Structures are given as structure tokens and as C-alpha cells.
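>>> following is a predicted model, sequence given first.
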Amino acid sequence: MKRKLVLENGSIFHGNGFGSHEKKIAEIVFNTSMVGYQEILSDPSYCDQIIVMTYPLIGNYGLTSEDYESKGVYCSGFVVHEYNDLPSNFRYTQTLGEKMEESHAAGIEGIDTRELVRIIRDYGSMKAMIVDEDVPDEQCLKELAFYCLVHNQVEKVSSKKIWYSRCPNPMFTVVAIDCGCKLNIIRLLNEYKCNVVVVPYNTSVETILKYKPDGLFISNGPGDPLDVVDVINTIKTLKGKLPMLGICLGHQMIGLAYGAKTYKMKFGHRGANHPVKNLKSGKIEITSQNHSYAIDIKSLKNTDLTLTHINLLDDEAEGMEDIKNKVIAVQYHPESAAGPEDSRYIFEDFLNNMKSFKEEKENA
């Protein structure tokens, strides 16, 4: 089926549809990863976004049941140069198009994604529409002009009830505030001998403490961190009472809870090849990222947070810590281990904080 992609700046791309054939309007962003389209598709942080893949061939290894990052698909659409509907992977259980159709995500292929990415880099992320070819351009542009991007996506993707992910011979119990958490983070915490209690974003402090956690994890997720007032207030209340680890959106909300400020980036960071410098060790890490918002480094000056990591492409804040209160926050995704220098030491630091906090309580 012939379809088109219409951008709010007037650019129009014509191609072929796959996945759902519904009309979709959302913010358009791009990802520079060469592999991992299944993980990208199922990452709740892409809620209400149309994703452009810069790697030209997508779909060639299908989807496998074990590799999802969440139980749903929350993105609005996928834009690729060439879609392959005949996967050659012996593990695949479903094609990308099949999953997108059942999840109401629209796809379009056969367009010049290089030109499209240049437009997003020059103009910034913007509203876009995937629609049938025969819908008049003027109608599409008018609808885009009046469309308001949605907010409060965390409410949409967060778990609606408390659930558990346990491991044999646990050393710690971690409560994870689910703002759109990737399952690989939960699996990794289990690998590090943590029983994980996953709670909805608006869970009360009293309920969290009921589980007698050794630590608090604040997850990644979609949208503007300023929308998630419940979690920011929870961080403020529990600061100093529990060791904390925040990733991506969790990093931003920890910053806001300490009095720092956030801002929306021009087109964000999305990909598996972002160089980050660890200011404590001096080492460079190749990281996986997915975010539209960032911490204003200057606003950290009057807080108790210290900058620990910085992006080498644009000097954006990539990590912070409060040593006294055992709080760690990183903007990138250490669980993805994108580069040769494994960034999973962040989880080991979190474990060490929980261990020392536990010892301090016992000796008090």
C-alpha cells in the first residue's frame, strides 16, 4: 500500500506501508543503531514517537520471543529505508510487520532516510504523520499544525499493579519505580542477586517502605520529566533513607528532586554509539542512549549532586552522584553494554552502596 510521511515543516516523503495501516501523528525522532530494532520497538521510552532508523535494512532477522524490552509496543510508527519481510534468523518467531500490525504501529519504507535525518538534525524533532498516499497534502499539513503532542506518557506505560522478579539466593531487595522500565534492567538486577519489586510510578512512599528495600531504582521512561511529579516527590522524601540508582528519565528526575533544571534537546540522543567520558576514571565509554531531555549542567552548581560523566559530542550531562546519600544517576543505559568498555559497573556501584548502607544501619 502506498503511504507517505508528512512533516510539519512541509517536507513529504512517499513510500510503501507495512505494519498497521492506521493514520499516525507523533513526534519524529531518529536512532543510529545498526542492530536492535526489536529492543527499540519494544522500549516504552519511545511512547508516542515515530522512529526513523538510520541503518538502511530493517526486519532481516525478525523478532524473537525472548528479546522484548517490555510486554507492549508503545511507539506510533517506524520509518526505514528498506524493510525485509522474509527474516533469515532461525530464532525468529514473528516478523516486524506482523508485530507492528497487531500493536497498531504504522510503518513506511522505501524513502531516503538520510535526507530525512538531515532535516531532523537541522530543524529538530517535530510533529509528523504517516498516512495513506491519497490524502491531500494540504489536509495533512493543516491537521499537523493543529495537533498538540501528548504529555504524561509515563502514566500510559507504567505498570498498573505491583509485580515481582525474584532470583535464587538473593542478597538485596530493590524496589523499582516503573516509569517505562526496560526488562533487561530488571533481568540484570536479578543477575546481581537482587529480588526486584516493580511498582507503578505513583506508588506511595509508605507502600515502597513496606517491602523493606535495600535500595530504590528509578527507571527510564518517555516524555518530559517535569510531568512526573509523583516520582520527583518520592525521591525527595526517600533521599538519604535509601541508596538510589536512576537511569535515563530516572537520572533527570533525580536532578529535578535536588533542585537542578532540565531542558528539551534539539533532536535528542538515540543510538548505541555515543561516547561518554567518565570524569572519575578518565575513561571513555561507548554507550546506548534514548532521551529527548537533559540536565542543565549549570543548574547543578547549587545542589548536592556532582557531575560524574559527560557526553563528548555535545558536553551534555551523562552522570551525577551524591556520595553522602548514596545516590547514583546516569543518563545513558548501562545495562545495554554497547561498547567494549562495559558500563555495567554502575550496577556494581549501586550494590556496594546498598551493602555499605546495610552495614551502617546494623552498626548504628
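Structure's in. What do you need?

>>> and the gap between Leu256 and Val157?
19 Å (CB to CB, to the nearest Å). The C-beta positions use only the backbone N, C-alpha and C, and glycine is treated the same way.

>>> of the two, which one has the most company?
Comparing Leu256 with Val157 by other CB atoms under 10 Å, the one with more neighbours is Val157, at 23 against 20.

>>> and that one, what is it in contact with?
44, 47, 70, 72, 74, 179-180, 221-222 (CB atoms under 8 Å, 6 or more residues apart in numbering).

>>> now the buried members of these.
Using 16 or more other CB atoms under 10 Å as the burial test, the contacts of Val157 include 44, 47, 70, 74, 179-180, 221-222 as buried.

>>> now the helices for the chain?
Secondary structure of the chain (DSSP state H): helices at 37-41, 96-102, 113-123, 137-146, 153-157, 183-191, 205-210, 229-238, 249-257, 345-363.

>>> how far does the fifth one sit from its chain's centre?
The offset between the C-alpha centroid of helix 153-157 and the centroid of the whole chain comes to 12 Å, using CA atoms, centre = their mean, to the nearest Å.

>>> same thing with the first one?
Its chain's C-alpha centre lies 11 Å from the corresponding centre of helix 37-41 when counted by CA atoms, centre = their mean.

>>> tell me what it is packed against?
Applying 3 or more CB pairs under 8 Å, 6 or more residues apart in numbering; DSSP states H and E, one finds that helix 37-41 makes contact with strand 49-53, helix 96-102.

>>> go with 10 Å
Under the contact criterion of 3 or more CB pairs under 10 Å, 6 or more residues apart in numbering; DSSP states H and E, helix 37-41 touches strand 49-53, strand 57-58, strand 77-80, helix 96-102, strand 262-278, strand 284-295.

>>> with the second one instead?
Packing partners of helix 96-102 (3+ CB pairs under 10 Å, 6+ apart): strand 12-19, helix 37-41, strand 77-80, strand 106-109.

>>> if I look at Ser103, how far off is Asn290?
Relative to Asn290, and taking CB to CB, Ser103 is found at 18 Å.

>>> of these two, which one has the most company?
When neighbours are counted by other CB under 10 Å, Ser103 and Asn290 differ, and Asn290 comes out ahead with 28 against 15.

>>> isn't that one right next to Met265, touching?
No. Using CB atoms under 10 Å, Asn290 is not in contact with Met265; the gap is 11.8 Å.

>>> where does this structure have low pLDDT?
337-341 (pLDDT under 70).

>>> domain parsing of the protein, as residue ranges.
Listed by automatic domain parsing, the domain ranges of the chain are 2-150, 154-363.

>>> residues touching Lys264, list them.
Listed by CB atoms under 10 Å, 6 or more residues apart in numbering, the contact partners of Lys264 are 124-125, 224, 291-294.

>>> also Ser70?
39, 41-45, 47, 157, 159, 178, 180-184.

>>> let's see 8 Å
42-44, 157, 180-183.

>>> out of these, which comes closest to Tyr92?
Distance to Tyr92, by CB to CB, is smallest for Ser42 among the contacts of Ser70, at 14.6 Å.

>>> separation between that closest one and Tyr74?
Computed as CB to CB, the Ser42 to Tyr74 distance reads 8 Å.

>>> let me see the contact set for the residue sitting nearest the centre point of the chain.
Central residue of the chain (CA atoms, centre = their mean): Ser45, 3.8 Å from the mean position. Shown in contact with Ser45 (CB under 8 Å, 6+ apart): 180, 182, 220-222, 248-249, 290-291.

>>> distance of it relative to Asp137?
Distance of Ser45 to Asp137, given as CB to CB: 31 Å.

>>> re the thing from before, what about burial for the contacts of Lys264, which qualify?
Buried among those (16+ other CB under 10 Å): 125, 224, 291-294.

>>> tabulate these (CSV), appending distance to Pro213.
Below are the buried ones among the contacts of Lys264 laid out as CSV (distance: CB to CB, whole Å):
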residue, distance to Pro213
Ser125, 36
Asp224, 27
His291, 26
Ser292, 30
Tyr293, 27
Ala294, 28
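
>>> which single one of these is nearest to Phe90?
Phe90 lies nearest to His291 out of the buried ones among the contacts of Lys264, by CB to CB, at 34.1 Å.

>>> test my guess that the closest one contacts Met253.
No. With contacts defined as CB atoms under 8 Å, His291 does not count as touching Met253, sitting 12.0 Å away.

>>> which residue packs closest to Trp127, ignoring adjacent ones?
One correction, residue 127 is Lys, not Trp. Glu8 (4.3 Å; CB to CB, 6 or more residues apart in numbering).

>>> how close does that neighbour sit to Lys283?
41 Å.

>>> show me how far stretch 59-76 is from its chain's centre.
The answer for stretch 59-76 is 14 Å, by CA atoms, centre = their mean.

>>> oh, I was asking about stretch 334-352
16 Å.

>>> for stretch 353-364, same thing?
Per CA atoms, centre = their mean, the centroid offset for stretch 353-364 relative to its chain is 32 Å.

>>> can you name the residues in contact with that stretch?
172, 174, 214-215, 242-243, 326, 328.
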